[in-house]
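Colleague: just coords:
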């Protein structure tokens, strides 16, 4: 337990001495005051972590002391000591903000337990307040004040009120669904926000999931079912990983969007729907179209407004905010005091490439809280690959074309060619394996090879 400075307030010198000896035996520093006026002066002069005060004292009693502390903005927790016959006064003190009370006469063990409980409770309250302030520095449920995030907030606010379809593009773990939810919340639409992950549902079930079915439409259709398109009418349907939707279903979805109506499987009549569609992908839509995995006409229909969610490596200034947010979140879940980030850990976090983006950072902070036993997060709680520097972001000077060109197109092509060569080398020139390493289809890789004449 860390050392705390405790102010003991009592007009009886003997009682102050008894409490001092008990609290010092626990490792705390004790400051004494003979009455409320003396205590208030000492709080003004030095920082204290807890006030343990009697209620009945000359000049300024415990109730007046408590009121004065709150009036002057001192957030220090207060425990009041009271005789059995004045419990009503103790209750009044609790209403003024006292954190606990002890009835006299008492055993010292009771005082020690009350002090420990009050210090722990105040630590949690302080962390909750800090967490609320931290979140308020972002926008909505987002956390971040970097220029990249400020631009994202502004774009969401501009797009949200419109009925136009939106295409969100961003790497895995950047928060694409959070963007979609924020747009729905700010849209004014009264219907539901209905998310559907096109990659997580088997192709033979996805059609029913999207459009619904009637009883007997297929084996196992024992009752009518409302599809997600119909369910989200008047609200927003979020189609995550749209490039994983089978092409034949993309054609049917396009028809629903164009006609504003949906027909359940096995039904003879269609139902009018008021859809606002937000789609998302972690892939390059152009590459997906070239690979035949995204219909061009559907892309044109969905891509009325495109939102690119910044990678974590593009908003490194937000790393301390995000890391502390997740540390608070998981420390509170485990009932622990939030560990501080050491300078060495923060430096390592800022140097890391973050291929898994914010989701990877959250998982890492959860792991760190579970493993941390002190009040500071050190390198010992980080994964070995992060400590050793594996995955450390390369300096921008490393991305250069052979000719030293400053033209963006030249540099992008040079980097792309280098990545393809690296993937082919790692996979022993196996094109299918190299495509998996690059996160593209084999057809796209062949196209790139032809383009670069590699």
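Modeller: Cool, got the structure. Here the structure is a predicted model, which is why all the values come from computation and not from measurement.
Colleague: what residues are up against residue 4?
Modeller: 28-29, 49-50, 119 (Cβ atoms under 8 Å, 6 or more residues apart in numbering). For glycine as for every other residue, the C-beta is placed from the backbone atoms N, C-alpha and C.
Colleague: Is residue 78 in contact with residue 69, as I believe?
Modeller: Yes - look at residue 78 against residue 69 with Cβ atoms under 8 Å: they come within range, at 6.9 Å.
Colleague: more crowded one of the two?
Modeller: Per other Cβ atoms under 10 Å, whichever of residue 78 and residue 69 has more neighbours is residue 78, with 27 against 22.
Colleague: Could you list which residues are in contact with residue 236?
Modeller: Residue 236 makes contact with 180, 183-184, 187, 189, 191-194, 276-278, according to Cβ under 8 Å, 6+ apart.
Colleague: joint contacts of residue 78 and residue 69?
Modeller: Contacts common to residue 78 and residue 69, judged by Cβ under 8 Å, 6+ apart, are residue 51.
Colleague: Helices along the stretch 1-150 of the chain, start to end?
Modeller: 13-25, 36-45, 62-71, 87-95, 108-136, 147-159 (DSSP state H, counting those that start in this stretch).
Colleague: May I have the secondary structure class of residue 164?
Modeller: Three-state assignment for residue 164 (DSSP: H, G, I helix; E, B strand; the rest coil): coil.
Colleague: Tell me the pLDDT of the nearest residue to it once chain neighbours are set aside.
Modeller: Using Cβ to Cβ, 6 or more residues apart in numbering and skipping the chain neighbours, the partner closest in space to residue 164 is residue 304 (4.3 Å). pLDDT recorded at residue 304 is 95.
Colleague: Hmm, residue 304 is touching residue 166, no?
Modeller: Yes - contact criterion Cβ under 8 Å: residue 304 and residue 166 qualify, at 6.9 Å.
Colleague: higher neighbour count, those two?
Modeller: The residue with more neighbours, out of residue 304 and residue 166, is residue 166; 25 against 14, by other Cβ under 10 Å.
Colleague: what residues are up against that one?
Modeller: Going by Cβ under 8 Å, 6+ apart, residue 166 touches 159, 180, 183, 277-279, 302, 304-307.
Colleague: what do you get if the cut-off is 6 Å, keeping everything else the same?
Modeller: Contacts for residue 166 (Cβ atoms under 6 Å, 6 or more residues apart in numbering) come out as 278, 305.
Colleague: which residues pair with it across the strands?
Modeller: Residues in a beta bridge with residue 166, per DSSP bridges, are residue 278, residue 305.
Colleague: Which of the helices or strands spans residue 230?
Modeller: Following DSSP states H and E, the helix or strand that holds residue 230 is helix 228-231.
Colleague: for residue 237, same thing?
Modeller: Here residue 237 is assigned to strand 236-240, by DSSP H and E.
Colleague: Not counting its neighbours along the chain, what's nearest residue 359?
Modeller: What sits nearest to residue 359 in space, not counting adjacent residues and going by Cβ to Cβ, 6+ apart, is residue 173, at 3.3 Å.
Colleague: Can you give me the neighbour number for that neighbour?
Modeller: For residue 173, the neighbour count with other Cβ under 10 Å is 20.
Colleague: Is there a neighbour count for residue 233? I'd like the number.
Modeller: Neighbour count of residue 233, defined by other Cβ under 10 Å: 19.
Colleague: That one and residue 302, how far apart?
Modeller: In this view, residue 233 and residue 302 are 18 Å apart by Cβ to Cβ, to the nearest Å.
Colleague: ok so, going back, report the distance from the strand holding residue 237 to the chain centre.
Modeller: In terms of Cα atoms, centre = their mean, to the nearest Å, the centre of strand 236-240 is set 21 Å apart from its chain centre.
Colleague: what are the pairing partners of it, and which direction each?
Modeller: Here, using DSSP bridges, strand 236-240 pairs with strand 193-197 (parallel), strand 277-281 (parallel).
Colleague: who wins for proximity to residue 349 among those strands?
Modeller: With distances scored as Cβ to Cβ, the stretch of the strands paired with strand 236-240 nearest to residue 349 is strand 277-281 (26.4 Å).
Colleague: Name the next helix or strand downstream of that closest one, please.
Modeller: Next helix or strand after strand 277-281 toward the C-terminus (DSSP H and E): helix 285-290.
Colleague: quick check: mean pLDDT across that following helix?
Modeller: Taken as a whole, helix 285-290 has a mean pLDDT of 94.
Colleague: Just the buried residues of it, please?
Modeller: 285, 287-290 (16 or more other Cβ atoms under 10 Å).
Colleague: now swap in stretch 432-440 and tell me
Modeller: Neighbour count says stretch 432-440 has 434-435, 437-438, 440 buried, by 16+ other Cβ under 10 Å.
Colleague: Show me the strands in the stretch 201-350 of the chain, by range?
Modeller: Remark: strands assigned in the stretch 201-350 of the chain by DSSP state E, counting those that start in this stretch are 212-213, 225-226, 236-240, 261-262, 271-272, 277-281, 305-308, 340-341.
Colleague: Is it possible to get JSON lines of these that adds distance to residue 10?
Modeller: As requested, these are exported to JSON lines (distance: least, Cβ to Cβ, whole Å):
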{"stretch": "strand 212-213", "distance to residue 10": "73"}
{"stretch": "strand 225-226", "distance to residue 10": "69"}
{"stretch": "strand 236-240", "distance to residue 10": "62"}
{"stretch": "strand 261-262", "distance to residue 10": "75"}
{"stretch": "strand 271-272", "distance to residue 10": "75"}
{"stretch": "strand 277-281", "distance to residue 10": "63"}
{"stretch": "strand 305-308", "distance to residue 10": "62"}
{"stretch": "strand 340-341", "distance to residue 10": "35"}
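Colleague: So for residue 6, which of those strands sits nearest?
Modeller: Here strand 340-341 is closest among these (Cβ to Cβ), at 22.4 Å.
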